[in-house]
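1. I would like to see how this sequence folds:
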Amino acid sequence: MIIRYSFLTIQTILYVIFLALDFTGGNSNLSANIKYMVILLCFIYTLMKWDAPIWKRLCMRSAFFFTLVADYFLLLKDRHYLYGILSFIIVQQLYGIKLDLQLANNRTGGRKNLIVSFLWRLLLQIIAAVLICTLLSKNGITLDRIGFTSIYYFICIITNVLRAILIAKLQPAERSNRIYAVGMILFLLCDINVGLYNLSQFLTLQSSVETVLYTFSSILMWAFYAPSQVLIALSIACHRHIA
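-> Sure thing, here's the model as predicted:
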């Protein structure tokens with residue numbers, strides 16, 4: 001309990017500091033380093049000894065490791081965006097495996113079909129991404145590798161958000177599932193703002209509209225992202241064993 005409260009207190013302080021820097025146009029490098037510290041602390045939090053099942057701990061710890069890799073490229077270095085997006089795809093696939101395992105607990109013999117479930121989900125997500133890219137191409141929007149991987153990533157996170165909400169409803173007694181679902185919803189809201197931030201790369205916008213989108217989305221993406229990661233990290237603590 002002390003660890004959890006200390007974690008939340010430190011994260012709240014860091015959150016207020018980097019938001020203040022962003023709103024006032026303060027030191028951007030300092031803001032970026034504080035934001036990265038938020039994710040690093042989330043990773044450290046998952047490494048502590050929790051009573052969660054081993055598969056949940058492995059998925060969460062691995063996911064936060066790749067989150068650190070992704071934010072290293074996208075936040076700290078601000079280059080090699082493809083590597084950052086690919087790292088986030090791995091994050092969502094790890095969360096997808098976590099959700100597969102939780103859903104399997106609700107089915108008789110469900111764990112025997114985990115590989116099939118994973119491959120089937122992977123195939124459907126790829127097909128959906130290809131279809132969306134094809135439709136965009138027919139409407140004159142050409143996507144490069146970053147564009148395609150971004151769309152595929154977005155499909156992955158939407159899939160995970162919907163399934164996280166489903167599990168929270170199926171297992172109402174498990175508080176950690178509700179925390180995780182809220183965290184994933186905030187994660188999605190962050191990515192929507194990332195999309196709005198980069199919208200001008202694909203559409204011609206009036207300068208005034210572009211300025212407003214750029215200003216607000218640049219702040220909102222981390223306003224949603226930091227608490228999303230904190231909540232997801234908090235969800236590792238089980239209040240009732242499922243497996």
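
2. now residue 51: how far from residue 176?
-> Using Cβ to Cβ, to the nearest Å, residue 51 is found at 11 Å from residue 176. Heads up, the C-betas are built off the backbone N, CA and C, glycines and all.

3. list the contacts for residue 47?
-> Each residue near residue 47 by Cβ atoms under 8 Å, 6 or more residues apart in numbering is listed here: residue 61.

4. ditto for residue 117
-> Contacts here follow Cβ under 8 Å, 6+ apart; on that basis residue 117 touches 100, 103, 104.

5. so it: helix, strand or coil?
-> Assigned with DSSP: H, G, I helix; E, B strand; the rest coil, residue 117 falls in the helix class.

6. quick one, grab the pLDDT at it.
-> pLDDT recorded at residue 117 is 85.

7. cool, the one 10 residues further on as well?
-> As predicted, residue 127 sits at a pLDDT of 96.

8. could I get the buried residue list for the helix or strand that contains it?
-> Using DSSP states H and E, residue 127 falls within helix 114-138. For helix 114-138, burial by neighbour count (16 or more other Cβ atoms under 10 Å) applies to 117, 121, 125, 128, 129, 132, 133, 136.

9. spit out the contact partners of the fifth one.
-> Residues in contact with residue 129 (Cβ under 8 Å, 6+ apart) are 148, 151, 152, 155.

10. try 6 Å this time
-> Applying Cβ atoms under 6 Å, 6 or more residues apart in numbering, we find residue 129 in contact with 151, 152, 155.

11. out of those residues, who's nearest residue 197?
-> When those are compared for distance to residue 197 (Cβ to Cβ), residue 151 wins out at 15.7 Å.

12. dump the residue contacts of that closest one.
-> Per Cβ under 6 Å, 6+ apart, neighbours of residue 151: 129, 132.

13. got it, and residue 236?
-> Contacts of residue 236 (Cβ under 6 Å, 6+ apart): 46, 50, 52, 60.

14. narrow the residues you listed to those in helices?
-> Counting by DSSP state H, the contacts of residue 236 place 46, 60 in helices.

15. show me which of the contacts of residue 236 is closest to residue 233.
-> Residue 233 lies nearest to residue 46 out of those, by Cβ to Cβ, at 5.6 Å.

16. surely the closest one meets residue 59?
-> No - counting by Cβ atoms under 6 Å, residue 46 stays clear of residue 59, with 9.7 Å between them.

17. so which residue is dead centre in the protein?
-> In the chain, the residue lying closest to the centroid (Cα atoms, centre = their mean) is residue 187, at 4.6 Å.
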